[in-house]
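Peer 1: structure here, sequence nowhere to be found:
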């Protein structure tokens, strides 16, 4: 069962942020490899995005996002209110150019960075209270 107030807050955040990443950790300090991969792709594309660390409320957020998008795992990338997917899907979309198209930006000429390079600071983490 999910919390209706939390669901409303998550829906508001998705609507208010053109690009929103639900991730484990923060862009500056991802707490799982999948989240780090999505951050690296977003940094390579050089797009501004909001990020929510799901770890403080993992199970309630899992229930809410499952209700909203029928997707239970993190990370989850939303663009213009629509779930694009997790790490594998985001990387595939990046490689094909679909991600840049969805974001309305030019596809970078370089591939997404690999290995544990920390991304430069982006937008501050968002909080769900």
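Peer 2: Cool, got the structure. Note that this is a predicted model, so its numbers are computed, not measured.
Peer 1: would you mark the buried spots in the worst-scoring helix or strand of the chain on mean pLDDT?
Peer 2: When each helix and strand of the chain is scored by mean pLDDT, DSSP states H and E, helix 58-69 comes last, with a mean of 91. By 16 or more other Cβ atoms under 10 Å, the buried positions in helix 58-69 come out as 60-65, 67-69. (C-beta placed from N, C-alpha, C; glycine too.)
Peer 1: tabulate these (a markdown table), appending distance to residue 30.
Peer 2: A markdown table is the format used below for the buried residues of helix 58-69 (distance: Cβ to Cβ, whole Å):
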| residue | distance to residue 30 |
| --- | --- |
| 60 | 21 |
| 61 | 16 |
| 62 | 18 |
| 63 | 23 |
| 64 | 21 |
| 65 | 18 |
| 67 | 25 |
| 68 | 22 |
| 69 | 21 |
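Peer 1: just give me the closest of these to residue 85.
Peer 2: Nearest to residue 85 out of the buried residues of helix 58-69 is residue 69 (Cβ to Cβ; 9.5 Å).
Peer 1: show me where pLDDT drops low in this structure?
Peer 2: 1, 110-129 (pLDDT under 70).
Peer 1: all helices for this structure, in order.
Peer 2: Taking DSSP state H, the helices of the chain run over residues 4-16, 33-45, 58-69, 87-96, 98-103.
Peer 1: so what's the residue nearest in space to the middle of the chain bridging to?
Peer 2: Nearest to the geometric centre of the chain sits residue 21, at 1.9 Å (Cα atoms, centre = their mean). With DSSP bridges as the criterion, residue 21 is bridged to residue 51, residue 77.
Peer 1: so who does it touch?
Peer 2: For residue 21, the contacting residues are 27, 35, 38-39, 42, 49-52, 75-78, by Cβ atoms under 8 Å, 6 or more residues apart in numbering.
Peer 1: kindly recompute the last result at 7 Å.
Peer 2: With contacts defined as Cβ atoms under 7 Å, 6 or more residues apart in numbering, residue 21 is in contact with 38, 42, 49, 51, 75, 77.
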